[in-house]
Every structure is written in structure tokens, then in C-alpha cells.
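**Student:** Show me the folded form of this:
(one chain, ligands or ions: 1)
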Amino acid sequence: MTNRKTAEELRSHRWYGANDLRSFGHRSRTAQMGYNREEYAGKPVIAILNTWSEINPCHTHFRQRVEEVKRGIWQAGGFPIELPVQTLSEPFQKPTTMLYRNFLAMEAEEMLRSYPADGVVLMGGCDKTTPALLMGAISMDLPAIFLPAGPMLRGNWNGVTLGSGSDSWRYWAELRAGTLTPEDWQGVEGSIARSPGHCMTMGTASTMTSAAEALGFTLPGFASIPAADSRHAQMAAKTGMRIVEMVWEDLKPSDLLTAASVDNAVTTCVALSGSTNSVVHVIALARRAGIALTLDRFDQIARRTPVLANIRPTGAYLMEDFFYAGGLRGLLAELGELIDGSQKTVNGRTLGENLAGAQIFNDDVIRRRTNPLLRDSSLAVLRGNLAPDGAVIKPGAAEPHLLVHTGRAVVFSDYNDMAARIDDDALDIDESCVLVLQHAGPVGAGMPEWGQLPIPRKLLQKGVRDMVRISDARMSGTSYGACVLHVAPEAFVGGPLALVRSGDLIELDVPRRRLNLLISDEEFARRKAAWVKPAARFERGYGALHQAHVMQADQGCDFDFLQRGGVSPESSGEPEIH
Ligand code: FES
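**Tutor:** Residues are numbered from 1 along each chain as shown. Okay, here's the model as predicted:
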């Protein structure tokens with residue numbers, strides 16, 4: 001390989017290589033940790049950003065995996081430094097990990113900037129950890145490789161295969177409808193998550209780790225390996241080995257990210273019928289790299305891309321089956337010309353070269369293009385007077401008869417209002433109504449996964465399992481239903497969603513990509529003039545920072561001051577001598 005860096009050109013040389021008092025301090029403190037000078041001198045320093053935590057069940061194996069990453073780094077002649085960073089634990093963090101995605105992205109970037117990192121291994125997987133780590137690494141633009149946590153094993157209860165999230169929603173609805181016993185519900189609770197790893201449905205985690213691989217940030221095939229498989233540990237060691245070479249080669253995120261590689265990520269997300277959350281995350285990632293990805297590009301790509309992954313919630317199987325069937329490499333190879341194989345990846349080869357020889361071993365799990373799960377449009381972008389800047393829906397996850405529907409709005413002003421009234425027998429509602437949730441967007445609430453509003457109990461008991469629901473919230477990638485999400489601009493900043501009143505008619509027309517509030521222009525203008533800006537939710541701290549700077553869903557919900565270009569200088573100051 002030509003143009004390899006020299007030891008003197010390493011960024012860490014500024015910390016370790018100079019012959020001055022400051023470098024003396026760095027070396028003496030490294031000696032304090034038990035290292036001999038020859039163990040690190042002249043070697044690439046590899047930061048490992050580890051999102052392990054005792055409160056993150058998707059990353060429990062990272063305590064061990066980080067040792068395997070280090071093993072690889074040592075063997076390749078690097079010097080590993082584990083840097084714990086905040087975990088974003090989807091099942092536990094309130095009100096939503098989305099509120100903190102940008103916090104972790106900032107932390108990742110600043111950890112790399114302020115310490116002597118030459119390259120970085122990013123350890124993530126649980127939903128927001130993947131985009132957050134990548135966003136920070138893209139902004140810092142040091143050689144970076146992603147270690148995906150891998151999906152957990154299939155759930156199993158009384159011989160029934162259970163999928164994360166999707167089957168929780170399904171059985172919860174049956175419990176509320178009275179068709180599942182509390183004892184069975186408890187059985188599901190103990191059986192649905194039975195190994196380390198992220199959700200094994202095609203939720204946000206599986207979608208985003210696959211997008212990371214399609215962008216070129218993982219070694220080939222690694223996003224599909226189940227966390228509990230011994231090949232996952234082997235992958236960790238290989239990832240550690242590879243990052244050392246990437247430093248010498250100076251292979252950076254800016255070498256991987258192009259408009260075409262971002263299109264590959266979008267194509268991957270829609271071919272998987274992936275989580276709608278991937279829309280905000282991939283837009284945010286792309287814009288960190290200066291690539292102006294839009295909602296409309298998602299719609300264009302979805303229209304031409306078949307769904308080949310038969311994975312819940314859109315399909316029938318789970319990620320473990322997907323891995324055995326050939327994994328992401330099999331799926332990307334089957335997509336053929338829809339994927340631009342000329343794009344570079346972390347192993348220095350192109351995506352196309354990495355897909356050579358990929359096979360499908362079960363073409364019910366990974367469908368052939370001649371027999372797709374859906375012909376196209378696993379995602380649709382809607383516009384109209386209710387969502388001038390766009391909204392999204394996953395048509396394949398909805399009951400088909402609801403995709404063209406006009407109904408009477410039943411409006412909830414916020415989550416608490418919805419929780420208090422949704423099961424009230426006095427609620428004036430039937431299955432033709434449209435449930436509307438306001439003030440759940442990025443500024444108003446941090447954009448939690450409230451967009452799959454529950455079906456009112458009295459309708460569940462009638463057998464209703466899907467209704468049109470509209471909000472400025474997100475929904476879990478493991479969810480399903482006729483849920484219109486990410487309405488922009490959001491209600492909290494005066495978007496038209498704030499103007500809807502119970503009793504208004506709303507028109508949804510997915511084939512024509514329309515979402516309209518059927519009131520007169522005069523009435524629309526009257527309500528807009530009467531709109532009063534809600535009081536700020538946060539008066540201090542991170543919440544106030546988020547509220548002041550988060551952008552709308554169609555722009556990826558990044559902070560305005562992080563998305564725009566500009567330079568953060570390398571520190572010219574020096575740490576204190578102690
Ligand atoms: Fe971590 Fe679903 S809870 S990925």
C-alpha cells in the first residue's frame with residue numbers, strides 16, 4: 001500500500017512522541033498504568049468507544065467483546081484504549097433515547113478530539129447507539145470501524161417463536177382484548193428475550209446496523225451475526241485487527257461516504273422493510289458528511305426497491321433466520337444493480353468486491369427479486385396541508401384497506417391526554433376514525449416512539465386491530481399499523497398538526513402520497529392566527545439545549561450547530577502536568 005502514514009505522522013505522536021515536558025507527563029502516566037514504552041511507542045492508538053452498561057441488555061456481551069477487540073488491536077500492532085461512553089438503552093431510558101442521540105454523538109466526537117486517538121472502534125447496536133456513534137465519528141473523521149452488537153437469538157415460548165417488540169405489541173393487544181390469560185402473558189415476558197444482543201426483529205437496531213454495513217463501516221457480513229454466535233467474537237477480533245491497518249492507510253469516513261454510498265444505505269433500509277426511524281438517522285448521518293439527503297430521496301428509492309427480507313414486523317422470520325439464510329451480503333447481492341458496488345468500505349475493497357460469492361441459502365427468508373415480499377414502496381413519504389415538510393408511513397405494516405382512507409379525527413393534545421382517555425368507554429370513536437396525537441415531536445417531547453397509538457380497548461374487543469393514526473412522534477421499528485409518523489413541522493412549533501380538532505375530516509391517500517386536513521383555507525388561517533406557542537418544557541440543562549437546537553424530523557433531528565459545516569480545531573492547548 002502506498003502513502004502509508006509514518007509513526008511521526010500519527011495524531012498520537014503529539015501526545016507521546018515529542019521530547020518535551022508535556023510528553024514526559026503522558027509517558028509517565030502511561031507507565032503508571034503498567035505499560036512499558038515499547039508496548040505503545042510509535043503504534044497507532046486505537047480508541048474503543050464502548051456503550052456497555054449494566055442497564056443495557058442489548059450490550060451485555062460488550063464487556064467480553066471489548067477484550068476480543070483489544071486482542072485484535074494488540075496482534076496488529078496497535079495500542080488499544082477503551083473509552084466508556086454513555087449507553088442509550090432503549091428499554092429503560094425515559095422519555096426516549098432519541099432525546100440523547102445527539103448527546104452521545106457529541107460525546108463520541110469530543111472524546112476522540114480530546115484524547116490521543118489515531119483511529120476508533122465504535123461498539124454499538126441498540127437503536128440510537130449506531131447513528132450516534134457514526135455521527136460523532138463522521139464529524140471527527142478519524143479512521144473508524146463499526147462493531148455491531150448483533151441480534152439476540154429468537155424468542156421461544158411454548159414452542160411459539162417470539163420477536164422483540166412486534167410480539168410484545170401483538171400479545172399486549174390480545175391481553176387487553178381478553179383473548180390472552182395473565183399467566184400466558186407472564187410466559188411471554190420470560191421467553192421473549194433470551195440472549196444478549198439487540199432486538200432480533202427488523203427494528204431500528206437491525207436496520208441501522210445493516211445501514212452501517214451498506215455504508216461500508218463494518219467488515220463484510222458482520223451486521224447479521226447473532227450476538228451469541230462464536231463468529232461474533234471472531235468478528236470483534238478481526239475488527240480490532242483491521243482498524244490498525246486503517247490508521248496506517250488513513251482510510252477515513254470521508255473516504256466512504258458519498259451520495260452513492262448513502263443511496264446504498266437507503267436502498268438497504270427499504271429492501272429490509274426497515275424501521276421508519278432509519279429515515280431520521282440516515283438523513284442525520286448523511287448531512288454530517290455534507291450530503292443533503294432528503295425525504296423525497298427515500299420515497300424515490302423505495303418506489304424502485306423490492307422488499308426482499310421476510311422479517312417481522314413486515315414479514316415472518318427473525319434475524320437469526322436471516323443470518324442462516326445468507327445475511328445482508330446475500331440480500332445486497334440479490335439487489336444487483338440497485339446497489340452501487342463501486343463504493344469503498346473499511347476493508348479497503350469495494351462493496352461489490354465484498355459481495356462476490358454471496359449466496360442465499362433460504363429464499364423464503366431472503367426473497368429473490370422474482371418473488372419479493374413487497375414489490376416496492378416499503379416506505380412512503382406523504383405531503384399535504386397537514387404535513388407541508390413531509391411525513392412517513394410504512395404501507396406494508398398497515399392493513400391495506402386503510403391506505404386510502406378519510407375519517408373523523410379524534411385528537412389527543414399530548415401523551416398524557418391520550419393515556420387518560422384512550423380506553424374511556426365514553427370516548428366518541430369507531431374504527432373509521434383517525435387517531436391524532438399532538439406535541440410528540442422533536443422539540444415538544446424529544447420525539448419518543450409514541451406514534452403507534454393504542455387501539456381503544458372497546459374497539460379491540462370488537463376485533464379491530466388497526467386504525468389510521470397520525471402524529472409528529474416516531475414509532476418503534478418493531479411496530480406495525482397504519483401509523484403516519486414524523487409529521488413536519490411538528491405541532492409544538494406551530495405545524496398544522498397543532499390546528500387539528502376532534503371532528504375534522506382527515507384524508508390519507510398513500511398511493512398518491514397525500515395527507516390533508518379537510519377544512520377550508522379560511523378556517524385554516526383562522527386557527528393558525530389563534531395558535532399560541534406552548535411554554536418551553538425545559539428551562540435548564542441538556543433538555544434546554546436540545547429544545548433550542550434540535551431540527552425537525554425531515555432534517556434528521558440533529559442539532560443545528562452540529563449539522564452545519566465548519567471546523568472544530570484540534571486542541572492547541574495542553575493538559576495540565578500532574
Ligand atoms: Fe436494544 Fe431493541 S431494546 S435494540
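**Student:** going forward, measure contacts between C-alpha atoms and count neighbours the same way
**Tutor:** Will do.
**Student:** Endpoints of stretch 119-138, how far apart?
**Tutor:** Chord length of stretch 119-138, first to last residue, is 12 Å (C-alpha to C-alpha, to the nearest Å).
**Student:** Next: stretch 452-459.
**Tutor:** Stretch 452-459 has an end-to-end distance of 15 Å (criterion: C-alpha to C-alpha).
**Student:** The stretch 401-550 of the chain: strands as residue ranges?
**Tutor:** Remark: strands assigned in the stretch 401-550 of the chain by DSSP state E, counting those that start in this stretch are 404-412, 434-437, 468-471, 483-484, 505-509, 514-517.
**Student:** Now render these as a markdown table, adding mean pLDDT.
**Tutor:** Listed next are the strands of the stretch 401-550 of the chain as a markdown table, based on pLDDT from 0 to 100:
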| stretch | mean pLDDT |
| --- | --- |
| strand 404-412 | 98 |
| strand 434-437 | 98 |
| strand 468-471 | 98 |
| strand 483-484 | 98 |
| strand 505-509 | 98 |
| strand 514-517 | 98 |
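**Student:** Mean neighbour count and distance to Asn3 added to these, as CSV?
**Tutor:** CSV is the format used below for these (neighbours: other C-alpha atoms under 10 Å; distance: least, C-alpha to C-alpha, whole Å):
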stretch, mean neighbour count, distance to Asn3
strand 404-412, 20, 58
strand 434-437, 28, 56
strand 468-471, 28, 52
strand 483-484, 28, 50
strand 505-509, 20, 55
strand 514-517, 22, 53
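**Student:** And the ones you listed: which comes nearest Val365?
**Tutor:** strand 483-484 (25.5 Å; C-alpha to C-alpha).
**Student:** before we move on, back to that, quick one: which of the strands of the stretch 401-550 of the chain is nearest Met319?
**Tutor:** The nearest among these, by C-alpha to C-alpha, is strand 483-484 at 23.8 Å.
**Student:** just checking, what packs against the closest one?
**Tutor:** When contacts are defined as 3 or more C-alpha pairs under 8 Å, 6 or more residues apart in numbering; DSSP states H and E, strand 483-484 sits against strand 387-393, strand 468-471.
**Student:** between these, which gets nearest to Arg408?
**Tutor:** Across those, Arg408 has its closest neighbour in strand 468-471 (10.3 Å, C-alpha to C-alpha).
**Student:** Give me the sheet partners of that closest one and which way each runs.
**Tutor:** Strands that pair with strand 468-471, judged by DSSP bridges, come out as strand 434-437 (parallel), strand 483-484 (parallel).
**Student:** returning to what we had before: could I get the strands of the stretch 401-550 of the chain as JSON lines with distance to Glu334?
**Tutor:** What follows is the strands of the stretch 401-550 of the chain, written out as JSON lines (distance: least, C-alpha to C-alpha, whole Å):
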{"stretch": "strand 404-412", "distance to Glu334": "32"}
{"stretch": "strand 434-437", "distance to Glu334": "39"}
{"stretch": "strand 468-471", "distance to Glu334": "34"}
{"stretch": "strand 483-484", "distance to Glu334": "30"}
{"stretch": "strand 505-509", "distance to Glu334": "31"}
{"stretch": "strand 514-517", "distance to Glu334": "32"}
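**Student:** Turn these into a markdown table, including distance to the ligand.
**Tutor:** Shown next, in a markdown table, are these (distance: least, C-alpha to the nearest ligand atom, whole Å):
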| stretch | distance to the ligand |
| --- | --- |
| strand 404-412 | 27 |
| strand 434-437 | 23 |
| strand 468-471 | 22 |
| strand 483-484 | 19 |
| strand 505-509 | 30 |
| strand 514-517 | 30 |
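**Student:** Tell me which of these approaches Gly34 most closely.
**Tutor:** Gly34 lies closest to strand 468-471 among those, at 55.1 Å (C-alpha to C-alpha).
**Student:** Find the helix or strand that Val381 is a member of.
**Tutor:** In this assignment (DSSP states H and E), Val381 forms part of strand 380-384.
**Student:** Identify the residues contacting Val120.
**Tutor:** For Val120, the contact set (C-alpha atoms under 8 Å, 6 or more residues apart in numbering) comprises 46-49, 112, 142-145, 243.
**Student:** quick one: the helices in the stretch 351-500 of the chain?
**Tutor:** Shown for the stretch 351-500 of the chain, the helices assigned by DSSP state H, counting those that start in this stretch span residues 351-355, 415-421, 442-445, 457-460.
**Student:** what about the helix or strand of the chain with the lowest mean pLDDT and the ligand, touching?
**Tutor:** Least confident element among the helices and strands of the chain, by mean pLDDT, DSSP states H and E: helix 166-177 (a mean of 89). No: using C-alpha under 6 Å from any ligand atom, helix 166-177 never reaches the ligand; the gap is at least 10.6 Å.
**Student:** now the helices and strands packed on strand 483-484 as a markdown table including distance to Arg457?
**Tutor:** What follows is these, written out as a markdown table (distance: least, C-alpha to C-alpha, whole Å):
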| stretch | distance to Arg457 |
| --- | --- |
| strand 387-393 | 24 |
| strand 468-471 | 15 |
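**Student:** Any idea which of the ones you listed gets closest to Gly216?
**Tutor:** The nearest among those, by C-alpha to C-alpha, is strand 387-393 at 26.2 Å.
**Student:** tally of neighbours for Phe361?
**Tutor:** Residues lying near Phe361 (other C-alpha atoms under 10 Å) number 15.
**Student:** isn't there a strand covering Leu147?
**Tutor:** Yes: assessed with DSSP: H, G, I helix; E, B strand; the rest coil, Leu147 lies in a strand.
**Student:** and Leu437, what does it touch?
**Tutor:** Counting by C-alpha under 8 Å, 6+ apart, Leu437 has contacts 411-415, 418, 451, 453, 469-472.
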